[in-house]
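J.: below are the sequence and a predicted model for it; my questions follow.
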Amino acid sequence: MRSEPTETQVRPGIEADLDTLTAIYNHYVRGTAITFDTAVFTPEERRPWLLSHPEDGPHRLMVATDAESQEILGYATSSPYRPKPAYATSVETSVYVAPDSGRRGIGTLLYGALFDALAGEDVHRAYAGIAQPNEASTRLHERFGFAHVGTYREVGRKFGRYWDVAWYEKPL
């Protein structure tokens, strides 16, 4: 069993993180409905995603690492909400925690750093879609001031069943 990290640091994601970030994401692709991707990615296939999150601007990638080992514990992103120009001041946010790092406050730390980084940007609203049920994600988002605005019923099909997605928004 892993010991708890003495300290966790959060920093912008870099290209050297790509393999580990891809592995974390693929864990959720393979075994959960948290993401509606159904096929795993290679790091090379995920490279455009990583490069679309620079160190500044409204679309960020924040990575949590163990201060001693530098092991990546999770990541949070703000991404374009929709591609049309009028949506430019809205972002969709998400958090993915490494499978063995859950329930340690990593998601909270990541979202805190992400929203601090977005504070100086021209962003008006953050949105998050949470596949249901997911009480932990719902609690995390509500802790950061997200409010439920509606649920898309049976909007995604994965693992041979349909899933609802609850949508949340937060003013920035």
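T.: Ah, there it is.
J.: with adjacent residues omitted, what lies nearest to residue 101?
T.: In space, not counting the residues next to it along the chain, residue 101 is nearest to residue 73; the distance is 4.3 Å by C-beta to C-beta, 6 or more residues apart in numbering. No exception for glycine: its C-beta is placed from N, CA and C like everyone else's.
J.: surely that neighbour touches residue 95?
T.: No - using C-beta atoms under 8 Å, residue 73 is not in contact with residue 95, being 11.2 Å away.
J.: helix or strand right after the helix or strand hosting residue 154?
T.: Using DSSP states H and E, residue 154 sits in strand 147-158. Moving toward the C-terminus from strand 147-158, the next helix or strand (DSSP H and E) is strand 161-171.
J.: just checking, what packs against that next one?
T.: Counting by 3 or more C-beta pairs under 8 Å, 6 or more residues apart in numbering; DSSP states H and E, the packing neighbours recorded for strand 161-171 are strand 125-131, helix 135-143, strand 147-158.
J.: can you name the residues in contact with the second one?
T.: With C-beta atoms under 8 Å, 6 or more residues apart in numbering as the contact definition, helix 135-143 has outside contacts at 34, 95, 102-103, 107-108, 111, 128, 130, 166, 168, 170.
J.: correct me if wrong: residue 109 contacts residue 8.
T.: Yes - under the criterion of C-beta under 8 Å, residue 109 lies in contact with residue 8, with a separation of 5.8 Å.
J.: and for these two, which residues touch both?
T.: In contact with both residue 109 and residue 8: residue 64, using C-beta under 8 Å, 6+ apart.
J.: rewinding a little: quick one: residues contacting the residue nearest to residue 101.
T.: When the contact criterion is C-beta under 8 Å, 6+ apart, the partners of residue 73 are 5, 8, 64-66, 97-98, 101, 104, 106.
J.: which of the residues you listed ranks first by neighbour count?
T.: Of these, residue 64 is surrounded by the most neighbours, 26 neighbours in total, counting by other C-beta atoms under 10 Å.
J.: how much space between it and residue 86?
T.: Spatial separation of residue 64 from residue 86 under the definition C-beta to C-beta, to the nearest Å is 33 Å.
J.: the nearest residue to residue 81 once chain neighbours are set aside bridge partners, please.
T.: If you skip the residues right next to it in sequence, residue 81 has residue 90 as its closest partner in space, 3.9 Å away by C-beta to C-beta, 6+ apart. Applying DSSP bridges to residue 90 yields these beta-bridge partners: residue 125.
J.: my read: residue 90 touches residue 125, true?
T.: Yes - the criterion here is C-beta under 8 Å, and residue 90 meets it with residue 125 at 4.8 Å.
J.: how about residue 18: what's its closest non-neighbour residue?
T.: In space, not counting the residues next to it along the chain, residue 18 is nearest to residue 43; the distance is 4.8 Å by C-beta to C-beta, 6+ apart.
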